[in-house]
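Visitor: coordinates only, no sequence provided:
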Ligand code: BMA
């Protein structure tokens, strides 16, 4: 398979050195286009190890970043379910709300839970708070309603077998969510996504289905390796997988992906489609240390997804 994604020559786009105050690391950004500018909502880990979410803006999405001096979403106080940090945001434009919805992980003594906030301008947020209790994370909302309902992918951790797969829940009010339906499971044995998987950025609408990027984890002697895969989901029933790639489409190879706080991690969280350039921009965290960008041709990526096998229900991986 030819490489679908090309790394930006400006990588790493953002590191701790770009922050206006001392921090440990900057990674796993949600992405949006706001008034023609690219806005990244970055996870910033401070020097206590607690994360907050801060905005960086750029005219071309790769260079000339301007970083806000104050967090957009800060961790909660002592009694709060996010007292140990707010992490891994995904950002979805929701026209029905005339807002962007931020889905993020609220981390506290109970574990990681799924939390929501809305913003109209990336200068202030309204917090909805935790909507799916621990242990749950990797939440990404579809940009369109399905049967009049919001559709949210998320990754509950089931006990006692500690399975960690991608599920879908629906809601009319963003607060109460339906019983989850299984979408995509980790593949056992030697597969690259055999330990845990999680939805990446909010999937892209295409005429052929929802084009979705996910991360998959494999455990090797040296630790965990995070890679990136592609699936195509049914437009009307997004819990139905139409196609699933067998190979990963993106994996750590650059020095800033191989070396850092968490080596060999690429963690995709932002995906922007520019129809005029037939381009998608994938923003990701590298090695839990910096923010990076890889681009692909939209039509090549979609053609690749359509060429992948249909999942065979009778086959057990
Ligand atoms: C996951 C999340 C991500 C992180 C990744 C690799 O569980 O916590 O924030 O990037 O692990 O360490």
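Guide: Happy to help now that I have it. Note that the structure is predicted; figures quoted are calculated from it, not measured.

Visitor: distance from the helix or strand where residue 107 lies to the middle of the chain?
Guide: Assigned by DSSP states H and E, residue 107 belongs to strand 99-108. Put simply, strand 99-108 sits 11 Å off its chain's centre (Cα atoms, centre = their mean, to the nearest Å).

Visitor: now do it: which elements does it pack against?
Guide: Strand 99-108 is packed against strand 25-34, strand 51-58, strand 85-94, strand 111-119, strand 136-141, with contacts defined by 3 or more Cβ pairs under 8 Å, 6 or more residues apart in numbering; DSSP states H and E. Every residue, glycine included, has its C-beta placed from N, CA and C.

Visitor: ok, residue 296 to residue 126 distance?
Guide: 34 Å (Cβ to Cβ, to the nearest Å).

Visitor: and what of residue 32?
Guide: 16 Å.

Visitor: who has more neighbours out of those two?
Guide: residue 32 (20 against 11; other Cβ atoms under 10 Å).

Visitor: give the contact list for the closest residue to the ligand within the stretch 51-200 of the chain.
Guide: Closest to the ligand within the stretch 51-200 of the chain is residue 88: 4.7 Å, counting by Cβ to the nearest ligand atom. Contacts for residue 88 (Cβ atoms under 8 Å, 6 or more residues apart in numbering) come out as 28, 43, 104, 105, 137, 138, 267, 269.

Visitor: are we agreed that residue 306 is in a helix?
Guide: Yes - looking at residue 306 with DSSP: H, G, I helix; E, B strand; the rest coil, it is inside a helix.

Visitor: the helices in this structure, which residues?
Guide: Applying DSSP state H to the chain gives helices spanning 255-258, 298-307.

Visitor: bridge partners for residue 140, pull those for me.
Guide: Per DSSP bridges, the residues bridged to residue 140 are residue 153.

Visitor: er, residue 127 actually
Guide: residue 117.

Visitor: do residue 206 as well
Guide: Counting by DSSP bridges, residue 206 forms beta bridges with residue 209.

Visitor: do I have it right that it meets residue 302?
Guide: Yes - at 5.6 Å, residue 206 and residue 302 qualify as touching, with contact defined as Cβ atoms under 8 Å.

Visitor: so for these two, which residue has more residues nearby?
Guide: Neighbours were counted for residue 206 and for residue 302 using other Cβ under 10 Å; residue 302 has more, 20 against 17.

Visitor: for that one, what are its contacts?
Guide: Listed by Cβ under 8 Å, 6+ apart, the contact partners of residue 302 are 206, 208, 211.

Visitor: how about the residue in the stretch 201-317 of the chain positioned nearest to the ligand: what's its closest non-neighbour residue?
Guide: The ligand sits closest to residue 262 of the stretch 201-317 of the chain, with a gap of 3.8 Å, by Cβ to the nearest ligand atom. Take residue 262 and drop its neighbours on the chain: the residue closest to it by Cβ to Cβ, 6 or more residues apart in numbering is residue 288, 3.7 Å away.

Visitor: cool, residue 142 as well?
Guide: Leaving aside its sequence neighbours, residue 142 sits nearest to residue 151 (Cβ to Cβ, 6+ apart; 4.4 Å).

Visitor: and residue 124, what's its pLDDT?
Guide: Listed pLDDT for residue 124 reads 97.

Visitor: cool, the one 3 residues further on as well?
Guide: On pLDDT, residue 127 comes in at 95.

Visitor: hmm, it is touching residue 119, no?
Guide: No - the pair residue 127 / residue 119 is not scored as a contact, 10.0 Å apart, by Cβ under 8 Å.

Visitor: these two: which is more packed in?
Guide: With neighbours defined as other Cβ under 10 Å, residue 127 and residue 119 compare such that residue 119 has more, 21 against 15.

Visitor: so which residues of the stretch 101-250 of the chain form strands?
Guide: For the stretch 101-250 of the chain, the strands defined by DSSP state E, counting those that start in this stretch cover 111-119, 126-132, 136-141, 150-156, 166-171, 181-184, 196-199, 204-206, 209-220, 223-233, 241-244.

Visitor: what parts of the stretch 1-150 of the chain come near the ligand?
Guide: Applying Cβ under 6 Å from any ligand atom, we find that the stretch 1-150 of the chain lies next to the ligand at 28, 87, 88.

Visitor: repeat that with 8 Å
Guide: Applying Cβ under 8 Å from any ligand atom, we find that the stretch 1-150 of the chain lies next to the ligand at 27, 28, 43, 87, 88, 105, 112, 137, 138.

Visitor: with adjacent residues omitted, what lies nearest to the second one?
Guide: Excluding its sequence neighbours, the residue lying closest to residue 28 (Cβ to Cβ, 6+ apart) is residue 285, at 3.7 Å.

Visitor: quick one, what contacts the one you found?
Guide: Contacts of residue 285 (Cβ under 8 Å, 6+ apart): 27, 28, 29, 43, 265, 266, 267, 269, 291, 292.

Visitor: can you check residue 230 too?
Guide: 211, 212, 213, 214, 244, 245, 249, 301, 304, 305, 308.
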